[in-house]
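Enquirer: My questions are about this predicted structure, shown below with the sequence.
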Amino acid sequence: MCTAEETGSLIRRAAGGDRAALERLLLDHYGPLAAKIGRRLPPSLQSVVDVDDVVQQTYAKVFQRLGQFELREDATFLSWLLAIAENQLRDAVRAQQRKKRGGGQAQVRCSSANEQSRDADLLEILIGPAHTASRSMARREGIEAIRVALAGLPEDYRRAIELRYYEGYTIEEAAALMGRTTGAIRGLIDRARKQLRESLGRASRYLSEK
């Protein structure tokens, strides 16, 4: 973890538009935030809500809201992240309660292991098996880096990537689901992959220095 002074400097830089500083902050806080979310996740949701998903949703909000964070002696970046994450958890609880009241079964999502396998597959697609095999990023670090990178994508970029690489839809099916042409979906995925590679390159350099 960064020192308080380093974190303060990174927050100021990130608030000024420094994307690399924000990504470094989020990578640095990923493990502690995931651990806190895991302890707050109700047992009834453990089969339908994945901690990494909650972290990614939280980070997507952070990319939108960083300017709202105020540096105060009684406030930490982690506590601010956790407040956002708890809102995501509350939304998940309410969604499950609505499904139960409606008489429907809660949908069982992919297992955490399968989700992480897809993260690793996307990582390999983006930076290549030779680079991945070099172990410049450990598996867990790579998964955290890809989740931070995904959170920083514009919503339509992220949705196109999720449909194609996580949910297994074809380009044509993704186009129908998003109400776009196949050419538009290909363009979204190409631009998303370029942005993801840039983010992962920054993450790799930072993690290799730790």
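Expert: Nice, I can see it.
Enquirer: The closest residue to A151 other than its chain neighbours: helix or strand, and which one exactly?
Expert: Distances taken as C-beta to C-beta, 6 or more residues apart in numbering put Y59 closest to A151, at 3.5 Å, once the chain neighbours are dropped. (C-beta placed from N, C-alpha, C; glycine too.) Secondary-structure assignment from DSSP states H and E places Y59 in helix 51-65.
Enquirer: could you point out the longest helix in the protein?
Expert: For the chain, the helix with the greatest residue count under DSSP state H is helix 182-209.
Enquirer: what comes up buried for that one?
Expert: Buried residues in helix 182-209, counted by 16 or more other C-beta atoms under 10 Å: 185-186, 188-189, 192-193, 195-196, 199-200, 202-204, 206-207.
Enquirer: elements contacting that helix?
Expert: With contacts taken as 3 or more C-beta pairs under 8 Å, 6 or more residues apart in numbering; DSSP states H and E, helix 182-209 sits against helix 19-40, helix 112-127, helix 139-151, helix 155-161, helix 171-178.
Enquirer: Which one of those lies nearest to I84?
Expert: Nearest of the helices and strands packed on helix 182-209 to I84, taken as C-beta to C-beta: helix 19-40 at 9.5 Å.
Enquirer: and the closest one, what does it pack onto?
Expert: For helix 19-40, the packing partners by 3+ C-beta pairs under 8 Å, 6+ apart are helix 4-15, helix 51-65, helix 77-101, helix 139-151, helix 182-209.
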